[in-house]
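Undergrad: Need coordinates for the below:
(one chain, ligands or ions: 1)
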Amino acid sequence: MRALVRETQLDPGDLIYPLFICPGEGVRRPIASMPGVFNLSIDEAVKEAEEAASLGIGGLLLFGLPESKDEQGTGAWDDDGIVQRSLRALKQSGVAKKLVLIADVCLCEYTSHGHCGIVVEKGTGFDVDNDPTLALLAKTGASLARAGADIVAPSDMMDGRVAAIRAALDADGNTQTPILSYASKFASAFYGPFRDAADSAPQFGDRRTYQMDGANLREALREIELDLVEGADMLLMKPAMPYLDVVKAARDLTGVPIGAYQVSGEYSMLQAAFEKGWLDRNRAMLESLVSMRRAGADFIVTYFAKEAARLLA
Ligand code: PBG
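TA: Numbering: from 1, shown residues only. From the prediction side, this is the model:
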């Protein structure tokens, strides 16, 4: 009877599984702060994708660890970059017929300083220079679409990037490639473990000049409205569980598809409690995911995707 009257459904097809792709062959390197998550070389990523597809997972979100980094993050828009090569390998393997391939668009994994844009000196400190960064993000989005990304997902939080990426995609003839914008992304302590996984911790300062203050809901809605005006096709909200009110407010504001990103810290926090035996693994995992769907997310990016899909099968 509970199943009959249940208001919120959770299916494997609602889940997006993030992969961190690194150079080499046969590499499957565990990430200490994220049990069960690995840096994978392209060949291993293809195997992982096949497993995800067989579990009925909806798609993959791809992050890259480049061979080398520089001030501008050139690895991000290199047509032979690590994510571009992964996209081609996934398409060639045929597994991409069953999975939506989403490519994250950001510079922080590719810059030597670890910031999401070009860094300039300002007074005694530094600043991330918004406008010159837009051209680099646009080149990155265009390159990822050419390599086979079904969706590009800018996570940098520069103002104006959605319009810049849209123009670059269209100029390439990729007029049908949707933009999934991380419209509402807060400067969060919950990204800590990701920065180990993607080797993208800022070398100085923090991201508070371009990511939002966690205290601000109205500002998040303004960011969403701006991204929609610029042409965002879908929105990603992050983090998820500490910000479910923001997901709900976004749901009430717009009819476009909305995703919630259960970020690294949310995952690691639960994993730590599971390891200690303090929480029931399966129940707590599914409860956290259902809460995001109930708040209004159509899909969920989660490192639990494989495990959750197995439970739901
Ligand atoms: C890149 C990016 C980050 C995450 C997704 N894209 C890190 C950050 O903004 O520092 C975080 C994802 C996670 O914590 O799982 N800008």
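Undergrad: Report whether L90 is found in a helix, as I expect.
TA: Yes - counting by DSSP: H, G, I helix; E, B strand; the rest coil, L90 falls inside a helix.
Undergrad: Tell me the residues on the stretch 1-150 of the chain that lie near the ligand, please.
TA: Residues of the stretch 1-150 of the chain found near the ligand (Cβ under 6 Å from any ligand atom) are 104, 106, 108, 116. Any C-beta I mention is one placed from the backbone N, CA and C, and that applies to glycine too.
Undergrad: what residues are up against the third one?
TA: Applying Cβ atoms under 8 Å, 6 or more residues apart in numbering, we find C108 in contact with 73, 114-116, 156, 198, 200, 202.
Undergrad: And the residues of the stretch 1-150 of the chain next to the ligand, which two are furthest apart?
TA: Spatial extent of those (Cβ to Cβ) is set by the pair D104 and C116 at 10.9 Å.
Undergrad: list residues touching both of these two?
TA: S155.
Undergrad: wait, what's in contact with A308?
TA: 10, 12, 15, 285-286, 289, 302.
Undergrad: Please work out which residues outside stretch 47-58 touch it.
TA: Here stretch 47-58 makes contact (Cβ under 8 Å, 6+ apart) with 11-17, 19, 40, 60, 90, 93, 95-96, 98-100, 299, 305-306, 309-310, 313.
Undergrad: show me where the stretch 51-200 of the chain has helices.
TA: With DSSP state H, counting those that start in this stretch, the ranges of helices along the stretch 51-200 of the chain come out as 82-93, 130-147, 161-171, 192-197.
Undergrad: Those helices: which one's closest to D206?
TA: Within these, the stretch nearest D206 is helix 192-197; the backing value is 11.1 Å (Cβ to Cβ).
Undergrad: quick one: the closest one near the ligand?
TA: Yes - Helix 192-197 comes into contact with the ligand (Cβ under 6 Å from any ligand atom), by way of 194-195.
Undergrad: Can you spell out which helices and strands pack onto that helix?
TA: If contacts are counted by 3 or more Cβ pairs under 8 Å, 6 or more residues apart in numbering; DSSP states H and E, helix 192-197 sits against helix 264-276.
Undergrad: Give me the buried positions along the helix it packs on.
TA: Buried residues in helix 264-276, counted by 16 or more other Cβ atoms under 10 Å: 264-268, 270-271, 274.
Undergrad: What is that helix packed up against?
TA: Against helix 264-276 (3+ Cβ pairs under 8 Å, 6+ apart) you get helix 192-197, helix 281-295.
Undergrad: Packed most tightly, which of those helices would that be?
TA: helix 192-197 (a mean of 20; mean count of other Cβ atoms under 10 Å).
Undergrad: Thanks again, I'm all set now.
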